[in-house]
Every structure is written in C-alpha cells, then in structure tokens.
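> The sequence and its predicted three-dimensional model are supplied below.
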Amino acid sequence: MESPFKPDVVRGQVALITGGGSGIGFEISSQFGKHGASIAIMGRRKQVLDDAVSALRSLGIQAIGLEGDVRKQEDARRVVEATFQHFGKIDILVNAAAGNFLAAAEDLSPNGFRTVLDIDAVGTFNMCHAALKYLKKGAPGRDSSSGGGSIINISATLHYTASWYQIHVSAAKAAVDATTRNLALEWGTDYDIRVNGIAPGPIGGTPGMSKLVPEEIENKTREYMPLYKVGEKWDIAMAALYLSCDSGKYVSGLTMVVDGGLWLSKPRH
Ligand code: HXC
C-alpha cells in the first residue's frame, strides 16, 4: 500500500532498529529507509541481517547490519558505537527485538520466564541506556536546533488484561510500557528525547503470528472477538513513522495501540 507520508519525512535521519532484520522490525526499517533515513539493523542471526541489508540496499537505502544480542550490555554499547561510527549520529532508536513462545505458567521454567523478560524488557533498557548519549539534544552529529532524538518501543496489548500461556510476555511488555513512560518523563525533561511505544495487534506474516496464533485458534477467535482483524506490518511501520517524524513532535510517553480496536473486543451478548 502506498504511504500517506511524503517520501522525505525522515530524510537525513539515522535509525537504529533492533530486530530490524525480520517481521515488524524489517518493515519499519524499510519504510524508514524509503522515507529518507539511513538504517542500522541489529540482530543475532548473521544470515537474517545479511539478507535484510541486501534487500534494503536494493531499494537504494543506506543500510548496515550489526550482530548483537540486546540482552548483553556490551553488545548494546558496541552496536550503538558502530552505528555512530558509520553514520556519524543517531536520531531514532526502535526496540523491536522480542522473544516469544506459548507456555502455560505451570510448565514455564523460571529461566524461560527470565529469558523473555531479558530480551524484551532488559534488552529495551540496555539499548536506550547505551543510545542516550547520542540521542540527547546537542549530541555529537545532531543538528543542535533539532532537539533530542526519539525512541520507539514495540509492545503488545496482551498485558492490559491477561493472556493464556503468555505470562512471560505479559510481564515483559508491562515492563516495556513502564520503561516508555519513565524515560519519557526523565529524558524528555532532561534531554528533549521523545519516548513512545506501539502495541500491535495480530499482524500477518510475522513470526509472532505464526508462533502464537495457530490457524485453528485464529478461526475460533473470530467468533468471540467481533473486532478481530489481522493487521499488516505496514500499519505498524506507518505508526512508527508518525511517532518519529514531525507529525509526532508533541507526542511522548504514549504507547499507541494499533490493533483495529481488538483489545476492546467482546462478544455481543
Ligand atoms: C517453553 C521455552 C520455550 C518453549 C524456550 N524456552 N522456548 N519454554 N516453551 N517453546 C525456555 C527454555 O527451556 C529455557 O529454559 C529458556 O526458555 C531459554 O531458552 P533458550 O532456547 O536457551 O533461549 P534462547 O536461545 O535465548 O531463545 C529464547 C527464545 C528466542 C525466547 C526462544 O529465541 C525467541 O523467541 N526467538 C524468536 C523470536 C520471535 O519469535 N520473535 C517474535 C516475537 S513476537 P530452561 O529452564 O529450560 O533453561 C512477539 C509478539 C508479542 O513478541 C505480542 C503477541 C500478542
């Protein structure tokens, strides 16, 4: 689908996107690139990164891939530094890396619980913490008149109530949302950085969808959730663009739900 944004809305900006090699992260990478940004993608799998970078470059987008695990502070620091060394600044950080699987709470090992919190919640904080010095107003390479940079954390809606077999993800995304709000307060005040989140609904063609919503569950879901519709990765990328460019300049601390209203869905009777 054609973008409603002008093709230069993030021109000249540098975006670092964790989990940017696949799924929602890759769509955000390519839409940011198509709208003028240079892209650094971070991920654990070299082949996924290489394929993603080739795909971005074939669209004429300046892109690099950086291997790393957001759970490791030293990887977070190294990837942030490498992004700065390559592009000379960082304007936007998108935390899209996530871990997930379905597991009943009684079958989930404490290490399984911790692993997902480490990837989603600790990983998000590690990246924000490492990138802070480059996102501050007046940071190296940044235009001093343009204020601070911006952060987008990819979240979910499943913790607004409760979700079967996703206690680990619910806890992790609740922490991500709290991180979004607290950083918006502290770093908005001190450094003019805007921090927002996006909470996607079920998005077609993503690892999350194929792992978490097997087809037989999806069919049943449509019966008791009248607002159930599958979204597109594009919907999330457009929300990310809105929040990152000037259209979102007065928006901070928000986690924008992009799910067609699904989280409000309930049976008619
Ligand atoms: C139960 C599991 C498990 C599973 C891992 N564990 N997979 N437990 N069921 N399917 C447990 C392991 O037994 C182990 O605990 C602990 O988790 C760590 O497992 P490892 O395999 O050693 O960890 P690691 O290699 O780091 O992989 C973690 C991972 C991750 C979470 C499985 O690789 C992953 O999810 N990758 C896929 C990324 C992905 O799908 N992203 C899309 C996310 S979608 P023990 O006790 O045995 O040591 C998304 C949407 C959210 O986030 C919103 C939905 C609405």
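Great, that's in hand.
> Now name the helix or strand holding I198.
Taking DSSP states H and E as the criterion, the element that holds I198 is strand 194-200.
> again with W164
Under DSSP H and E, no helix or strand contains W164.
> just checking, what packs against the strand holding I198?
If contacts are counted by 3 or more C-beta pairs under 8 Å, 6 or more residues apart in numbering; DSSP states H and E, strand 194-200 sits against strand 150-154, helix 167-191, helix 233-244, strand 255-258. No exception for glycine: its C-beta is placed from N, CA and C like everyone else's.
> list the buried ones in the helix or strand just after it?
Toward the C-terminal end, the helix or strand that comes next after strand 194-200 (DSSP H and E) is helix 207-212. Applying a neighbour-count criterion of 16 or more other C-beta atoms under 10 Å, one finds G208, M209, L212 buried in helix 207-212.
> restrict these to contacts with the ligand.
With C-beta under 6 Å from any ligand atom as the criterion, the members of the buried residues of helix 207-212 in contact with the ligand are G208, L212.
> Which member of the buried residues of helix 207-212 is positioned nearest the ligand?
In terms of C-beta to the nearest ligand atom, no member of the buried residues of helix 207-212 lies closer to the ligand than G208, at 2.7 Å.
> which ones are touching the closest one?
G23, I24, A98, N100 (C-beta atoms under 8 Å, 6 or more residues apart in numbering).
> ok, now K233?
G23, I24, F26, E27, I203, G204, G205, T206.
> Turn the buried ones among those residues into a named ChimeraX selection, would you?
Selection of the buried residues among the contacts of K233 in ChimeraX, burial being defined by 16+ other C-beta under 10 Å:
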select :23,24,26,27,203,206
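> Same list (the contacts of K233) but as JSON lines, adding distance to the ligand.
Supplementary listing: those in JSON lines, determined by distance: C-beta to the nearest ligand atom, whole Å:
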{"residue": "G23", "distance to the ligand": "6"}
{"residue": "I24", "distance to the ligand": "8"}
{"residue": "F26", "distance to the ligand": "12"}
{"residue": "E27", "distance to the ligand": "13"}
{"residue": "I203", "distance to the ligand": "9"}
{"residue": "G204", "distance to the ligand": "13"}
{"residue": "G205", "distance to the ligand": "12"}
{"residue": "T206", "distance to the ligand": "7"}
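> and the two most separated of the contacts of K233?
F26 and G204 (13.8 Å; C-beta to C-beta).
> Close to the ligand: what parts of this structure are there?
Applying C-beta under 6 Å from any ligand atom, we find that the chain lies next to the ligand at 98-101, 103, 108-109, 111-112, 115-116, 156, 158, 169, 207-208, 211-212.
> Of those, keep whichever come out buried.
Neighbour counting by 16+ other C-beta under 10 Å classes A98, G99, N100, A103, L108, T115, V116, A156, L158, V169, G208, L212 among the residues of the chain next to the ligand as buried.
> Mark which of the residues you listed are part of helices, please.
For those, membership in helices holds for T115, V116, V169, G208, L212, with DSSP state H as the criterion.
> List the contacts of the last one.
Residues touching L212, when contacts are defined by C-beta under 8 Å, 6+ apart, comprise N100, L102, Q166.
> again, but for the first one
For T115, the contacting residues are G99, H168, by C-beta under 8 Å, 6+ apart.
> Give me the pLDDT for it.
According to the model's per-residue confidence, T115 sits at a pLDDT of 98.
> Check the third one too.
Here, the pLDDT recorded for V169 equals 98.
> you'd agree it is up against D120?
Yes: distance between V169 and D120: 7.1 Å, which falls inside the contact criterion (C-beta atoms under 8 Å).
> Identify the contacts common to the two.
With contacts taken as C-beta under 8 Å, 6+ apart, V169 and D120 have A98 as neighbours in common.
> Off-centre distance for the helix-or-strand element of the chain with minimal mean pLDDT?
Within the chain, confidence by mean pLDDT, DSSP states H and E is lowest for helix 215-224 among all helices and strands, at a mean of 78. Relative to the mean C-alpha coordinate of its chain, helix 215-224 is positioned 26 Å out (C-alpha atoms, centre = their mean, to the nearest Å).
> Now do it: everything it contacts.
P202, V213, Y228, V230, P267.
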